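1. let me see the structure of the following:
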Amino acid sequence: MTVTKPTRIGIIGAGNIGNVHMETFKTIPWAQLAGVTDVYLPLAEMRAKDHNIEQVYANSDKLLEDPTIDAVVIAVSNEWHAPIAVKALEAGKHVMLEKPMAIDLASARQIVEAERKSGKILMIPHQMRWEAASIAVKEQVEKGALGHIYHAKASYLRRKGIPGWGTWFTQMDKSGGGPLIDLGVHMLDLTMYLMGNPKPVSVYGSTYAEFGPRKQGIGTWGAPNWEGKFDVEDLATALIKFENGATLSLDVSWAGLLETDNLPVVQLLGSEGGAYLKGAKGKLFAEKFDRIVETELSAPAANDDPRARMVQHFLSSIASGSEPLTSVMSGYTNNLILDAIYRSSQTGNEVKLNWDIE
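-> All right, here's what the predicted structure looks like:
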């Protein structure tokens with residue numbers, strides 16, 4: 001890609017995932033880490049020193065006011081995704097917005113409207129699309145090797161993986177949900193992408209909270225706050241139906257008494273072939289001359305970096321003015337389904353999706 005000058009990046013949120021983004025962006029020659037901010041300024045100052053970032057801003061408003069910042073990465077708690085993203089778009093910044101795009105459907109709608117008014121790029125960093133195995137399967141789907149994909153199964157099941165018990169992670173009004181909105185959004189995004197992005201039309205789902213309320217199933221991500229609360233689910237299951245007749249079965253958990261290696265799994269069932277993804281590995285299946293043919297996908301190279309591919313795509317989208325793969329509407333679609341699963345769990349009924357924005 002030919003560039004005249006590097007894209008100047010501002011990081012909003014210097015926590016764990018913000019730091020991952022900083023590590024990635026600083027490896028890209030045509031990106032420049034120009035600024036960082038965090039509600040806890042000493043953390044932002046430490047990251048600035050670690051990553052040689054030019055400036056630390058007192059808050060996100062100050063960073064967004066800087067006309068020299070071209071694009072921002074928003075890596076804050078879910079409740080602040082929409083407010084900061086809308087401000088960033090209104091300030092004329094391109095945006096990489098951490099998943100889930102918004103805490104709820106109403107907030108997601110606000111982001112879509114702001115993005116359309118701004119003329120700027122907004123991308124959701126769903127890194128699973130950029131895994132080598134995912135790319136290989138997508139290529140086969142587009143070649144027609146799987147035929148008509150009529151069903152898919154997606155799961156991301158953790159045995160003991162509740163993050164930051166009592167912090168914003170486990171509070172519905174701050175996170176929007178538990179493993180469904182944390183892990184399920186990844187699985188929905190990747191699986192629908194591999195299926196060819198069929199239009200979802202209805203959802204039936206259930207959520208459960210069996211371990212979190214008892215302070216069991218605690219994981220290692222984030223420090224717990226035992227004075228806090230847990231009012232989200234720790235397991236969710238759903239069936240999504242699509243306009244073309246296909247279906248998607250989804251199961252995600254933070255905690256559960258089950259056998260699991262904690263890796264995400266996607267299975268695609270097609271009329272001519274099948275695919276299986278588990279973590280960074282994959283297989284393709286077919287039947288030839290009455291025999292089952294199983295092909296292992298090549299292992300990624302040791303220096304393979306899916307996040308670098310993802311960041312390069314973001315920067316290329318900015319340079320060309322083209323819509324990124326994980327666009328604002330991909331984020332809205334995910335929020336639409338997530339919202340419907342939670343409503344279905346509350347009512348016990350199937351929920352028809354209302355596509356008021358397309």
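
2. going by C-alpha atoms from here, please, whenever you check contacts or count neighbours.
-> Will do.

3. neighbours of the residue lying closest to I218 once chain neighbours are set aside, just the number please.
-> Excluding its sequence neighbours, the residue lying closest to I218 (CA to CA, 6 or more residues apart in numbering) is I162, at 4.7 Å. Residues lying near I162 (other CA atoms under 10 Å) number 28.

4. surely I162 meets G256?
-> No. The criterion here is CA atoms under 8 Å, and I162 misses it with G256 at 10.2 Å.

5. give me the common contacts of the two.
-> Taking CA atoms under 8 Å, 6 or more residues apart in numbering as the criterion, I162 and G256 both touch G217, D234.

6. which secondary element of this structure has the worst mean pLDDT?
-> strand 291-296 (a mean of 91; mean pLDDT, DSSP states H and E).

7. could you list the buried residues of the next helix-or-strand element following that one?
-> Using DSSP states H and E, the next helix or strand after strand 291-296 towards the C-terminus is helix 306-320. Buried positions in helix 306-320, judged by neighbour count with 16 or more other CA atoms under 10 Å: 306-318.

8. list of residues touching helix 306-320?
-> So helix 306-320 is in contact with 1, 3, 7, 24-25, 27-28, 31, 94, 96, 120-121, 123, 125, 127-128, 130-132, 323-324, going by CA under 8 Å, 6+ apart.

9. now what about the helix or strand encompassing S134, what contacts it?
-> Using DSSP H and E, S134 sits in helix 132-143. Here helix 132-143 makes contact (CA under 8 Å, 6+ apart) with 128-129, 146-147, 194-196, 275, 277, 280-282, 284, 297-300, 304, 306.

10. beyond it, next helix or strand please.
-> Helix 132-143 is succeeded, C-terminally, by strand 149-157 (DSSP H and E).

11. just how off-centre is the helix or strand just after that following strand within its chain?
-> Sequence order places helix 172-175 as the next helix or strand after strand 149-157, per DSSP H and E. Centre-to-centre, helix 172-175 and its host chain are 17 Å apart (CA atoms, centre = their mean, to the nearest Å).

12. how about residues contacting helix 172-175?
-> Under CA under 8 Å, 6+ apart, the answer for helix 172-175 is S77, N78, E79, I103, W168, F169, G178, D231, V232.

13. neighbour-wise, which one of those leads?
-> With neighbours taken as other CA under 10 Å, the top of those is G178, carrying 29 neighbours.

14. what sits against that residue?
-> G178 neighbours (CA under 8 Å, 6+ apart): F169, T170, M172, V232, E233, D234, L235, W254.

15. inside strands: which ones of the contacts of helix 306-320?
-> Cross-referencing the contacts of helix 306-320 against strands under DSSP state E gives T7, A31, H94, M96, M123.

16. now for those residues, which pair is the farthest apart?
-> Distance extremes for the ones in strands among the contacts of helix 306-320: the farthest pair is A31 and M123 at 16.0 Å, using CA to CA.
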